[in-house]
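Undergrad: Task: produce atomic coordinates for the following.
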Amino acid sequence: MLFNSLQFLLFFIVVTLSYFSLKWQGRWILLLLSSCYFYMVFQPAYILILFLTIVIDYVAGIWIEKASGKSRRWLLIISLISNLGILAFFKYLGFFTENVASLFDALNMPHMAENVTELVNRIFVKVLHIFGQSGISSYKDNMSILPIGLSFHTFQAMSYTIEVYRGNQKAERHFGIYALYVMFYPQLVAGPIERPQNVLWQFHKTFAYDAENVKAGLMQMAFGLFKKLVIADRLAMLVDHAYGSPDQHNGLTLLVATFFYTFQIYCDFSGYSDVAIGAARVMGFNLMENFRTPYLSQSISEFWRRWHISLSTWFRDYLYIPLGGNRKGEVRQYINMLIVFLASGLWHGPNWTYVIWGGLNGVYQVMAVLRDKFLAKAGFSRTSPVMATSPTHDLESRKSPVRVVVNTLITFTLIMLTWVFFRARSVSDAFLILKRITTLSFTDRIDTPMNSTEMWFSLFLIIFLLVKEANFLTIPTRSTLRFATLFVVITFVTYLFGVFSSNQFIYFQF
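TA: Numbering: from 1, shown residues only. Purely as a prediction, here's the structure:
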C-alpha cells in the first residue's frame, strides 16, 4: 500500500477516526491489526517472517533481562544472528553466492563454483516455496521477492535487544505492544528506524485528540506528498531516461540527470519520512526526525548529521562506538569509519555500486577528520565530526556568507558525485557516467523526454525547495484558517502538478 495512493488515504482516514473513538485496550489492537493489514497488502505470506523476528526478539529481551553473566551475552548474540541471518538469506544470498562462485572461477575451481551455486539454489527455492513463491526458480531472483522493509524493521528489532542488554530499556512484557513497536504501520517499511526508548512508552499511553498535533501532522503529510509527487516523480522522468541507457547519452544529459537525481532521492525519501512522521503525529505519536536540510550542509560530516539521521545514528551507536570509535588511536578511528560506511552501503543493497557509494562517503569522512585535526592545530574549535546529531560547527557559524555558499556548493558537488554509484545499474555504468560528465562539452544538447516547460518547472521546484528549507519561506499555521488555506493550496497544487504514475518510494526496495 503506497503512501501516494488513494488506497492509503482511505486506510489512514478509517484507522485514525477509529483510533480516536477507542480506549487504550482497543487502540493498540486496532493499530496492530491495521499494521498487519498494511504489510500484507504488499506480501501476505512474508508476515510470517516478520512475526518470527518479533517472537525471537520478544523472548530474547525477557531472557536477557533475567539472565546474568555470560548467558546474557550469548542470548544477545543468538538474537542478533537470528535477525541478521534472516536479512542475509533474503537480501544478500544471491550477492554472496555470485561473488564466492566468481572467486572459485578465478582460482580455476569451476566445479566448486557449480557445487556452491547448485546447493544454494536448492535451499533458496525450497524456502521460498514455503512462502508461496512457487514462480521462483533461482536465487538470482532474490531481489525481486525481497520482503518489503526488511532492512528497516530488522535494524529496529535489533536496537531493542541491544538496549535491553545494555540496561537502557526494560524488556517489554506486553507482546502486542512489542509487536506494534516493530511493525507500526507509518514507519514499518522505510523508517525512521526507531529506538525503544522513544517509542515503546508511547504505545502504553492514551493520547487525547490534539488539534495542534492533527494540524502539524496533516501539514507534514501534505508537504511530504508534494515532495514525492510533484518534485521527485517529475525529476524521475529524466533520471530514468538517462540512467537506463547511459551509453546512449552525452555528458551534459548525464550531468543534469545526476543533478536531478540528487533532489529526486531526497524528495522521495524525505517525503516518505514526512508522511510517516505526520501520520503518527496526527494520532499523538512522536517519531524521530530523519532529515534536517542536508543539502544546505557546509561539510561532509555535517551532511551526515542531517541525512537519514535514524540510520546514521544507528550505525554510530551500534557499530562505530562498539568498534572503539575514536578511542583507540587515529588509525583505528579511520578504519572504524570506513567499516561503518561500507556497512551502510551494503545495508542499502547487495550490489558493488552501493558498497562503493558507502566507501566513497567513508573516504570523505576520513578526509574531513584529517581536515578538522589540521584546523584544530591552527587554533579553531570543532565539535566531533563523526556521524552525530550535534549542532553546526563553531567555525562554520563564524564563516562569511561567501564562504558559507562556497563550502555548501563544494559539499553538494561531492555528495552529488556519490549518487552516481547509488543510482547506476552497475559499476561499469557508474564509471561510464562519470567519464562522460568529466569530459562533457557544453555545446551538447540535453536529450530529455521532458519539454522545455517541464525542465524549467523542475528547476523552479528545486529552487523553491531550497528556499523553503533555508527558512526563507515560512507561513504560520497555528491559526485554523491559515492552516486550512495552506493545506488546501498544497493539496490542490499536488493534485494539479503531481505525477501520478504509482511510482513506489525509492527506499521501499531496501
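
Undergrad: Every contact and neighbour count from this point should use C-alpha atoms.
TA: Will do.

Undergrad: Tell me the buried residues in stretch 163-181?
TA: Using 16 or more other C-alpha atoms under 10 Å as the test for burial, stretch 163-181 gives Glu163, Val164, Tyr165, Gln169, Lys170, Ala171, Glu172, Ile177, Tyr178, Ala179, Leu180, Tyr181.

Undergrad: Can you dump the C-alpha atoms of it in CSV for me?
TA: Output of stretch 163-181 as CSV, limited to C-alpha atoms (Å, rounded to 0.1, in the frame of the first residue of the first chain):
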residue,chain,number,x,y,z
GLU,A,163,19.3,-1.6,24.5
VAL,A,164,17.8,-4.2,26.9
TYR,A,165,21.3,-5.9,27.1
ARG,A,166,22.9,-2.5,27.8
GLY,A,167,20.3,-1.8,30.6
ASN,A,168,18.9,1.2,28.9
GLN,A,169,15.5,-0.3,28.2
LYS,A,170,13.3,-2.6,30.3
ALA,A,171,12.1,-5.7,28.5
GLU,A,172,8.6,-5.3,27.2
ARG,A,173,6.2,-7.8,28.7
HIS,A,174,3.2,-6.9,26.6
PHE,A,175,3.6,-9.0,23.4
GLY,A,176,1.1,-6.9,21.5
ILE,A,177,2.9,-3.6,22.3
TYR,A,178,6.3,-5.1,21.4
ALA,A,179,4.9,-6.3,18.1
LEU,A,180,3.5,-2.8,17.5
TYR,A,181,7.0,-1.4,18.2
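
Undergrad: Now find how far off-centre that stretch is within its chain.
TA: Distance of stretch 163-181 from the chain centroid (C-alpha atoms, centre = their mean, to the nearest Å) equals 23 Å.

Undergrad: what about that stretch, average pLDDT?
TA: Stretch 163-181 comes out with an average pLDDT of 96.

Undergrad: hey, which helix or strand in this protein has the poorest pLDDT?
TA: Within the chain, confidence by mean pLDDT, DSSP states H and E is lowest for helix 394-397 among all helices and strands, at a mean of 46.

Undergrad: Show me what the following helix or strand past that one is packed up against.
TA: Next helix or strand after helix 394-397 toward the C-terminus (DSSP states H and E): helix 401-423. Contacts defined by 3 or more C-alpha pairs under 8 Å, 6 or more residues apart in numbering; DSSP states H and E place helix 401-423 against helix 251-282, helix 352-377, helix 427-438.

Undergrad: Packed most tightly, which of the ones you listed would that be?
TA: Ranked by mean neighbour count, the helices and strands packed on helix 401-423 are led by helix 251-282 with a mean of 24 (mean count of other C-alpha atoms under 10 Å).

Undergrad: list the contacts for Val499?
TA: Going by C-alpha atoms under 8 Å, 6 or more residues apart in numbering, Val499 touches Leu229, Val230, Asp233, Arg234.

Undergrad: how much space between it and Thr438?
TA: Per C-alpha to C-alpha, to the nearest Å, Val499 is found 32 Å from Thr438.

Undergrad: same question, Ser428
TA: 15 Å.

Undergrad: Could you identify the buried members of the contacts of Val499?
TA: For these, buried by 16+ other C-alpha under 10 Å: Leu229, Val230, Asp233, Arg234.

Undergrad: Show me how this structure divides into domains.
TA: 16-203, 211-291+442-509 (automatic domain parsing).

Undergrad: quick one: the last one to chain centroid distance?
TA: Taking the mean of its C-alpha atoms, domain 211-291+442-509 sits 16 Å from the chain's own mean (C-alpha atoms, centre = their mean).

Undergrad: And the average pLDDT for it is what?
TA: 90.

Undergrad: which stretches of the stretch 101-250 of the chain form helices?
TA: Per DSSP state H, counting those that start in this stretch, the stretch 101-250 of the chain carries helices over the ranges 110-130, 150-166, 175-183, 196-203, 211-226, 233-244.
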